[in-house]
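Fold the stuff below for me.
(one chain, ligands or ions: 1)
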Amino acid sequence: MKVGDRHYHTIWLNTDGLSVDIIDQRWLPHEFKIVTLKSVDDVAVAIRDMWVRGAPLIGVTAAYGVAIAMHEDASDQALDAVWDKLHETRPTAINLKWALDEMRTLLRPLPLGERAAAAYRRAGEIAEEDVELNRNIGLNGLKIIREIAARKQPGEVVNILTHCNAGWLATVDYGTATAPIYLAVEAGIPVHVYVDETRPRNQGAQLTAWELNGHGVPHTLIVDNAGGHLMQHGQVDMVIVGTDRTTANGDVCNKIGTYLKALAAKDNNVPFYVALPSPTIDWTVKDGVKEIPIEERTGDEVSFVQGRGPDGKTVSVRISPEGSPAANPAFDVTPARLITGLITERGVAKASPEGLKDLFPERN
Ligand code: MRU
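Predicted coordinates:
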């Protein structure tokens, strides 16, 4: 998508053909920085400390991490070591494990001398596939937005609420939850997006708002607690969020606070959609609440907020008393019964075992 007049992906192979360049998301929206990841350690830090974030982008970054590892040492031990090291960086987003498994399964049978080239090739393909998956999610989600628009007066705006950042910054391009929105804007459908700020890391305020701004998508930033009120007053036509892991039963794990939005949507008959590419489905897990490990991050993310200081640089300030402990579960699980539909690259599935299996029969 666009940054100024230039088209960017969030990650790409450096011109040296070995390292990877990323948009360093820690500094957005105030500073746009690109950094180069040269080693497996660099990749692990970038994922763990959220220089890159969002389930699909975490997966792609990890795939490139495996390629970098294979260039350094293509042995089986090195392959297992990079799998372990990157896997432990962020426990909830399943795309990480999906990408690591994909790479290891491909590389293990190959002769050592062929592994590095094959790894870079596959990492590049995974990145390209992500773009295509998101475009198709966009086309499928666009149909829903069109239907809502068709029930309104001509020219009346479709109001969409989203939580966290499931935009192009969370993927390679397009985003998942934002893909239908970008395509709706392209198709001339009037849309307006309510952007949850998404405490504690404020991905909505810092990333989603920045993206939508960059693409001229009408939007309004709201505090996380405002969504229920807006829904009660008929100001939200639909919710679209992303997901870090969706179970075979259709339970959706996503950024903390998603569950409360789904409850409010149910109470107000507002359709609640989740946009996801198939690598985000964890077919080995059924009950999301009981089985998905929830990442616990440092309480400092709650006790401090980050913003622009008077010199234009990004600064962090404490908002709670010294000595008050803070808890920071990063994700929650929305049970399938609260979800209207799962927007995937193959179509819109009911959030149920049958709904998912109908779209992905090879998983039966
Ligand atoms: O902690 P983050 O910023 O990686 O969390 C991101 C989200 O929760 C996204 O909504 C999710 O990964 C889907 S991204 C297409």
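
Grab the most central residue of the protein for me.
residue 54 (3.2 Å; CA atoms, centre = their mean).

Next up, the contacts around the closest residue to that one other than its chain neighbours.
Spatial nearest neighbour of residue 54, chain neighbours left out: residue 170 (2.2 Å); criterion: CB to CB, 6 or more residues apart in numbering. To be clear about C-beta, it is placed using only N, CA and C from the backbone, and glycine gets the same treatment. The contact partners of residue 170, by CB atoms under 8 Å, 6 or more residues apart in numbering, come to 53, 54, 55, 56, 57, 176, 207, 242.

quick one, phi psi at residue 36?
As for residue 36, its main-chain torsions (degrees, to the nearest 10) stand at phi -110, psi 130.

Next one: residue 153 from residue 190, what distance?
According to CB to CB, to the nearest Å, residue 153 stands 11 Å off from residue 190.

neighbour count winner among these two?
More crowded of residue 153 and residue 190, by other CB atoms under 10 Å: residue 190, with 15 against 7.

Just the pLDDT for the closest residue to that one other than its chain neighbours.
Nearest non-adjacent residue to residue 190, counting by CB to CB, 6+ apart: residue 157, 4.6 Å away. Looking at residue 157, its pLDDT reads 98.

backbone phi and psi for residue 157, please?
Dihedral angles (degrees, to the nearest 10) for residue 157: phi -80, psi 140.

For it, grab the count of nearby residues.
Residues lying near residue 157 (other CB under 10 Å) number 14.

I'd guessed it sits against residue 191; true?
Yes: using CB atoms under 8 Å, residue 157 is in contact with residue 191, at 6.5 Å.

Quick check: neighbours shared by these two?
residue 218.

thinking again about what came up before, isn't the residue nearest to the centre of the chain right next to residue 173, touching?
No: with contact defined as CB under 8 Å, residue 54 does not reach residue 173; the gap is 11.8 Å.

Residue numbers of the stretch 151-300 of the chain in contact with the ligand?
By CB under 6 Å from any ligand atom, the part of the stretch 151-300 of the chain that sits against the ligand consists of 164, 166, 170, 171, 175, 176, 203, 242, 243, 244, 254, 255.
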